[in-house]
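1. The following comprises the amino acid sequence and a computationally predicted model.
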Amino acid sequence: MNLIQLFDLSLVGRGGKTALEFEGASFTFAELDARANRMASALAVRGFRPGDRLCVQLANSVEMIDLYLACLKTGVIFVPVNILYRDREVRHIVSDAEPRLFVTATEVVELACEAAALPSDRPAAPALDGDAPAGIIYTSGTTGASKGAVITHNNFAANALNLLACWQITEADRLLLAIPLFHVHGLGNGLHAWLISGCRVRLLNRFEHQKAAAEFLDFRPTLFFGVPTIYVRLLDLPSEAALEIGAFMRLFVSGSAPLPAQVLEDFEALYGHRILERYGMTETLMNMGNPYIGERRAGTVGLPLPGVSARVLDPEGRPVPDGQSGELYVKGPNVFPGYWRRKEATRTAFEDGYFRTGDIALRSPDGYFTLQGRKSDLIISGGFNIYPREIEEFLLEQEGVKEAAVAGVADRVRGEVPVAYVVIGEGFDAAAVDAKCRSALASFKVPRAFIPVDKLPRTALGKVQKHLLPRPTSTSGS
C-alpha cells in the first residue's frame, strides 16, 4: 500500500469534512484532493514521470501540500529544501538530486495558475508499492556536505501509524502545526498524522511567539508538535493564558533537539501538561518516545516505538551494560533504505542491519533511553570522556542562563577542554556559575570559560550548530 491509498481514508472517505485552515481560508479534504489532482496534471504537462525529482523550497503553505500530494499521486520524488538555505547549499542539493524542476515562491505562482486551469480528475496512478521512494530529505550537513536520505512510502506510513496508535491521534483531534513542512518533523509527523487520522489542522506559516497565545486561544487545538525553542518561548505567556490553553490541550510533543529537563518541569508547572519528548532523525523518522500513558521521564527520550529495535554498543561493536554509554543503533520499518546515490555512505551507515545513529546513549534497567549528545560532539579531555549535554543541562538550571552550548576547544596539555557559550539574562554571574559547576561536576567537566553570545546558531528546527560557534583557538594549557 502506498501513501495516497492511506490518505484516501481522509481525502475521499472524509471528503466533506473541513481539513485545513491556513491564513483565514479553510479547505475540505475533497477540495485538497481536487487541488492535488490539478497539480499532478500540471506536473504531467511539464513532462514529469515516476522517479523524477521535484525540489521545493517553500515556507508552509497550501501550495506546499498541493505539490507533495501531487508528487505522491504521480510517483515523482518530493525533495523539500530548507528555506534558510542559501546559494551554496541549494547548488549542492540541485547537483545531487538533479530535479526536473526547482520550485520557489516565484515559480509556485506560475505552477498554481497552470494547475487551476486543468480539470480535477484523478490522474492515472502509477503502480507504486510501499518500497517506492516518496521523498529525499537532505540532512543538515553540520559535519560536511548534506546527504539525501531516501524515505519510502513504507517508512512514512510506519512512522505515522505508530504515532496515531501511541499518541491516540484520532479524527476528533485539532492539530496546531507551526513547524516547517520542509523538515521530517512537520512533514513526516504532522502532515502524515493529519491526513491519515482525518483530524483538523491549522497550519501556520511559521511560529511567532508574539502571536502564539492568540493562535492557541482562537483555534483551541488538542495537539501540538514543537521543538525546544518553541517551548522556551511559550514559557513567556501569561499564566492566565497558559492555564486556559492547558485546559483544552490534550498533548504537547517535543522533538528535533534535546528538551532541557528544566524546561519540561517549568512548562508542566505553568500549563499543567508534561511535554512528551520523543527522538527521531532524518534517516529514521521516529525511533523512540516517552509513553502517552505512563511516566514521561525528564531528560530521556523514552522507549523504542513499536517495531523499532535499539541497542547500545561500544566502539568495538560490543553491547554495553545498562547504565553505561555507547553509540545507539536502531532498526525497524521506519529506517530509510539508504542515501541517494551514495553507496559507500549507505554501506558504512549500517551494521548487521542496524543503522548507526551517531548518537551517544545509555539505557536504564527499565528500558528508558537517555541521549548524551552526538558522537561527533564528544569531548575527550586528558583521557576522560565528556558529554556536553550533561553540562548544558546543569548550566540551564543556573540563574541568568537562558541558553547554553558546550563545545571542546584545543588545549596543549589535555587535548581538549570544555568551553560554555551562554545567552545570558538578568542575574548572571560568571564567577557564581563557575563555583556551582566546581561543586557539582567533576573537575574535568567544568567549563574553562563562559563566553557570552547574543544567540546560539541554530537550524530551522532548533538544533544548535556548534561548528558555527566562535571558538577560541586554545586555552593555553589548563
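-> Looks like it arrived, so ask away. Numbers count the residues shown, from 1 in each chain.
2. tell me, how many neighbours does the nearest residue to Pro315 once chain neighbours are set aside end up with?
-> Distances taken as CB to CB, 6 or more residues apart in numbering place Glu327 nearest to Pro315, at 7.6 Å, with adjacent residues excluded. From N, CA and C alone the C-beta is placed, and that goes for glycine too. Around Glu327 there are 19 other residues, counting by other CB atoms under 10 Å.
3. residue contacts, Glu327?
-> Going by CB atoms under 8 Å, 6 or more residues apart in numbering, Glu327 touches 312-315, 356-361, 375.
4. what about dumping the CA coordinates of the helix or strand harbouring it to CSV?
-> Take DSSP states H and E as the rule and Glu327 turns out to sit in strand 326-331. The C-alpha trace of strand 326-331 is given here as CSV (Å, rounded to 0.1, in the frame of the first residue of the first chain):
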residue,chain,number,x,y,z
GLY,A,326,27.7,3.8,23.9
GLU,A,327,26.6,4.5,20.4
LEU,A,328,23.0,3.9,19.6
TYR,A,329,22.0,1.6,16.8
VAL,A,330,18.4,1.2,15.5
LYS,A,331,16.4,-0.8,13.0
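5. Partner strands of it, with direction?
-> Neighbouring strands of strand 326-331 in its sheet, by DSSP bridges, are strand 309-313 (antiparallel), strand 354-363 (antiparallel).
6. Now find how far off-centre the next helix or strand after it is within its chain.
-> Using DSSP H and E, the helix or strand that directly follows strand 326-331 along the chain is strand 338-339. Mean-position distance between strand 338-339 and its chain equals 18 Å (CA atoms, centre = their mean, to the nearest Å).
7. can you list contacts of strand 338-339?
-> With CB under 8 Å, 6+ apart as the contact definition, strand 338-339 has outside contacts at 147-150, 345-346, 349.
8. Mark which of the residues you listed are buried, thanks.
-> Buried members of the contacts of strand 338-339, counted by 16 or more other CB atoms under 10 Å: 147-150, 346, 349.
9. Out of the residues you listed, name the ones that lie in strands.
-> Mapping the buried ones among the contacts of strand 338-339 onto strands (DSSP state E) picks out 148-150.
10. beta partners for the residue lying closest to Ala430 once chain neighbours are set aside?
-> Distances taken as CB to CB, 6+ apart place Phe450 nearest to Ala430, at 4.7 Å, with adjacent residues excluded. Judged by DSSP bridges, the bridge partners of Phe450 are Ala420.
11. when you give positions from now on, start the count at 11
-> Fine by me, first position is 11 from now on; the one you just mentioned is Phe460.
12. farthest pair in the contacts of strand 348-349?
-> Maximum pairwise distance in the contacts of strand 348-349, criterion CB to CB, is 12.7 Å, between Gly158 and Ala359.
13. right, and the strands paired with strand 336-341 - which one's nearest Pro398?
-> Of all those, strand 364-373 sits nearest to Pro398, with 10.1 Å by CB to CB.
14. doesn't Lys385 make contact with Gly368?
-> Yes. At 4.8 Å, Gly368 counts as touching Lys385 under the criterion of CB atoms under 8 Å.
15. you'd agree Ile161 is up against Asn344?
-> No. Between Ile161 and Asn344 there is no contact under CB under 8 Å: 9.4 Å.
16. Give me the common contacts of the two.
-> Common neighbours of Ile161 and Asn344, using CB under 8 Å, 6+ apart, are Leu295.
17. Name the surrounding residues that touch the helix or strand that Arg288 is a member of.
-> Here Arg288 sits within strand 286-291, counting by DSSP H and E. For strand 286-291, the external contacting residues (CB under 8 Å, 6+ apart) are 177, 194-195, 198-199, 261-266, 269, 274, 296-302, 306, 310-312, 367, 379, 381.
18. Sort out for me which of these are in helices.
-> Under the assignment DSSP state H, the contacts of strand 286-291 contribute 194, 274 to helices.
19. Buried only: go through the contacts of strand 286-291 for me.
-> Among the contacts of strand 286-291, those classed as buried by 16+ other CB under 10 Å are 177, 194-195, 198-199, 261-266, 269, 274, 296-300, 306, 310-312, 367, 379, 381.
20. so where is the stretch 261-410 of the chain shaky, pLDDT-wise?
-> 393 (pLDDT under 70).
21. rerun at 90
-> Filtered on pLDDT under 90, the stretch 261-410 of the chain yields the residue ranges 266-272, 382-400, 403.
22. again with the stretch 61-210 of the chain
-> 92-99, 130, 132-137, 149-156.
23. do that again at 70, thanks
-> In the prediction, the stretch 61-210 of the chain carries residues with pLDDT under 70 at positions 150-154.
24. Which parts of it are helices?
-> Ranges of helices in the stretch 61-210 of the chain, per DSSP state H, counting those that start in this stretch, are 72-84, 97-107, 115-126, 163-176, 194, 202-207.
25. Grab the nearest non-local neighbour of Leu245.
-> That would be Asp276: by CB to CB, 6+ apart, it lies 5.7 Å from Leu245.
26. confidence score at the nearest residue to Lys476 once chain neighbours are set aside?
-> Of all residues not flanking Lys476 in the chain, Ala417 sits nearest, at 4.8 Å (CB to CB, 6+ apart). If you check Ala417, the pLDDT there is 92.
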